[in-house]
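here is my input; please provide its structure:
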Amino acid sequence: MSISPSEQRTLLLEKLRRLMPLMKGSLALVELTCGTPSCRCHTTGPKHKGYYFSYRLRGKSHTVYIPKRFQNEVKQAHAHWLELKRLLEEWTASEVQELRQKAKPSTKERKES
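Take a look at the predicted model:
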């Protein structure tokens, strides 16, 4: 059974309400050298790993270090953003489907052509 575009949009709106908080951007795990000159990361030891969140605001790129205690929260908010993008594509497909149905010529219009 197929659902109507308006029913589909209602379901999508419910999904959207559950996506808060969200953060648009990129989350990256990077390896880096710390600021302590005597640390082993400056010589042969492993580098320190940390998450950074990059985003654009008013046309400018920004990057923020994410402390360990906030990593899960930021990962979840970023996952919500990715889900939002997927839902927007689904919403667009629904709108296009409805537009095509509305734009379809009726049987009478096709006979007159």
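
can you count the residues close to S94?
The number of residues packed around S94, counting by other C-beta atoms under 10 Å, is 19. C-betas here are computed from N, CA, C, even on glycine.

repeat that for the one 5 residues further on.
Other residues within reach of L99 by the criterion other C-beta under 10 Å amount to 11.

next, the buried residues of stretch 27-43.
When neighbours are counted by 16 or more other C-beta atoms under 10 Å, the buried residues of stretch 27-43 are found to be L27.

which helix runs longest in the chain?
The longest helix of the chain (DSSP state H) is helix 71-103.

how about that one, which residues are buried there?
For helix 71-103, using 16+ other C-beta under 10 Å, the buried residues are 74, 77-78, 80-81, 84, 87, 91, 94.

ok, R18 - how many residues close by?
Neighbours of R18 under the rule other C-beta under 10 Å: 8.

check the one 5 residues further on too.
Residue neighbour count, defined by other C-beta under 10 Å, stands at 18 for M23.
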